[in-house]
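*Asks:* just need the structure, nothing else, for what follows:
(one chain, ligands or ions: 1)
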Amino acid sequence: MAVLNVNIDHVATVRQARRTDEPDPVWAAAQCELAGANGITVHLRQDRRHINDRDVRLLKETVACKLNLEMCMAEPIVKIAEQIRPEQVTLVPEKRAELTTEGGLDCAKYKSRLAQVVKRMHKKGILVSTFIAPEPEQILASAETGCDAIELHTGMYANAKTPRAVKRRLTELERGKDLAVENELIVHAGHGLTYRNIGPVAAIEDLCEFNIGHSIVSRAVFVGIEEATAQMIELIDKFSTQDI
Ligand code: PXP
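*Replies:* Numbers count the residues shown, from 1 in each chain. As a prediction, this is how the structure comes out:
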């Protein structure tokens with residue numbers, strides 16, 4: 001059955017709007033965990049626009065479930081991951097001007113750097129996932145470089161405007177998942193997923209972990225983050241295949 005990692009970057013975004021000390025993402029992580037989250041995801045960006053080094057350090061000490069560190073492959077960030085040793089890293093591309101992660105990582109283009117990073121993460125006992133478009137070239141490059149998992153980019157699905165486009169994007173995700181499983185990769189998914197669009201994705205067999213941030217933190221403003229997390233877990237449980 002699929003599980004949920006809550007991406008709490010936007011709790012830190014609110015804090016950074018005033019450069020103050022609240023709301024604290026460490027508090028948010030504890031509440032997500034109380035609600036049954038499988039993991040906590042944070043993106044330590046090079047510009048530190050939301051999550052900062054202190055957050056990652058404290059989360060590593062306090063999160064009892066999985067800590068999934070989203071990061072690019074820039075050397076200073078890779079060094080931080082080696083020091084902190086989260087349970088999992090998800091490698092993403094990063095552009096300074098983007099509002100959020102835009103495309104997937106080009107694993108085929110950066111294959112040799114990816115292979116180096118995978119080796120270094122594995123030396124520290126860290127699981128490696130790559131955030132990629134559901135394209136054969138990217139899936140195979142992830143497998144060939146020794147990655148443990150991939151996170152399929154669901155942004156195109158989330159942005160699809162017509163039922164036909166939605167169906168096409170779901171088929172791409174399903175095919176990508178099949179190829180990844182054939183190549184012994186664990187398959188995660190995320191980006192742009194909401195309470196309204198999670199159903200058909202959660203129903204895809206063998207998608208085992210979702211990373212969801214914006215929609216949960218948005219709902220948390222009204223109902224609290226524990227309740228918002230619990231509501232998303234309920235939907236994932238409802239739609240995901242029960243392998244009992
Ligand atoms: N997965 C990855 C790799 C991401 O970069 C993000 C955004 O930080 C997410 C999942 C979560 O996306 P959203 O905030 O749209 O749920």
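
*Asks:* residues near Lys161, how many?
*Replies:* For Lys161, the neighbour count with other C-beta atoms under 10 Å is 7. Any C-beta I mention is one placed from the backbone N, CA and C, and that applies to glycine too.

*Asks:* can you pull the contacts of it?
*Replies:* For Lys161, no contacting residues are found, by C-beta atoms under 8 Å, 6 or more residues apart in numbering.

*Asks:* so it: helix, strand or coil?
*Replies:* At Lys161, secondary structure determined by DSSP: H, G, I helix; E, B strand; the rest coil is coil.

*Asks:* what does the chain put close to the ligand?
*Replies:* Residues of the chain lying close to the ligand (C-beta under 6 Å from any ligand atom) are 7, 9, 43, 70, 90, 92, 100-101, 131, 151, 190-193, 211-215.

*Asks:* what residue is smack in the middle of this protein?
*Replies:* Geometric centre of the chain, nearest residue: Asn211, 3.9 Å, by C-alpha atoms, centre = their mean.

*Asks:* with just CA atoms, put the strand or helix carrying that residue into CSV.
*Replies:* For Asn211, the enclosing helix or strand under DSSP states H and E is strand 209-212. C-alpha atoms of strand 209-212 as CSV (Å, rounded to 0.1, in the frame of the first residue of the first chain):
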residue,chain,number,x,y,z
GLU,A,209,5.4,6.6,-1.9
PHE,A,210,3.9,10.0,-2.5
ASN,A,211,5.7,13.3,-1.7
ILE,A,212,3.0,16.0,-1.3
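
*Asks:* now what about the following helix or strand past it, what contacts it?
*Replies:* Once the chain leaves strand 209-212, the next helix or strand it forms, by DSSP H and E, is helix 214-223. Where contact means C-beta under 8 Å, 6+ apart, the residues beyond helix 214-223 that reach it are 6-8, 10-11, 28, 100, 192-195, 225, 227-229, 231-232.

*Asks:* again, only using 6 Å
*Replies:* Identification of contacts with helix 214-223 by C-beta atoms under 6 Å, 6 or more residues apart in numbering yields 6, 10, 194, 228, 232.

*Asks:* in the beta-sheet assignment, what are the partners of the first one?
*Replies:* The residues listed as beta-bridge partners of Val6 by DSSP bridges are Ile40, Ile212.

*Asks:* is it true that it touches Ala35?
*Replies:* No - using C-beta atoms under 6 Å as the test, Val6 is too far from Ala35 to be in contact (8.4 Å).

*Asks:* and for stretch 114-124, what's in contact with it?
*Replies:* Contacts of stretch 114-124 (C-beta under 6 Å, 6+ apart): 73, 78, 82, 85, 89, 107, 128, 145-147.

*Asks:* circling back to that earlier point, out of the contacts of helix 214-223, list just those in helices.
*Replies:* Using DSSP state H, the subset of the contacts of helix 214-223 located in helices is 10, 228, 232.

*Asks:* excluding its backbone neighbours, what's nearest Ala35?
*Replies:* Nearest non-adjacent residue to Ala35, counting by C-beta to C-beta, 6 or more residues apart in numbering: Thr229, 3.8 Å away.

*Asks:* related to what we said a few turns ago, can you tell me the average pLDDT over the strand holding Asn211?
*Replies:* What strand 209-212 shows for mean pLDDT is 98.

*Asks:* check which helices and strands that strand is in contact with.
*Replies:* Packing partners of strand 209-212 (3 or more C-beta pairs under 6 Å, 6 or more residues apart in numbering; DSSP states H and E): strand 3-7, strand 186-190.

*Asks:* adding mean pLDDT, write the ones you listed out as a markdown table.
*Replies:* Listed next are those as a markdown table, based on pLDDT from 0 to 100:
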| stretch | mean pLDDT |
| --- | --- |
| strand 3-7 | 98 |
| strand 186-190 | 98 |
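
*Asks:* reformat those as CSV; add mean neighbour count and distance to Lys119.
*Replies:* Shown next, in CSV, are the helices and strands packed on strand 209-212 (neighbours: other C-beta atoms under 10 Å; distance: least, C-beta to C-beta, whole Å):
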stretch, mean neighbour count, distance to Lys119
strand 3-7, 26, 24
strand 186-190, 25, 18
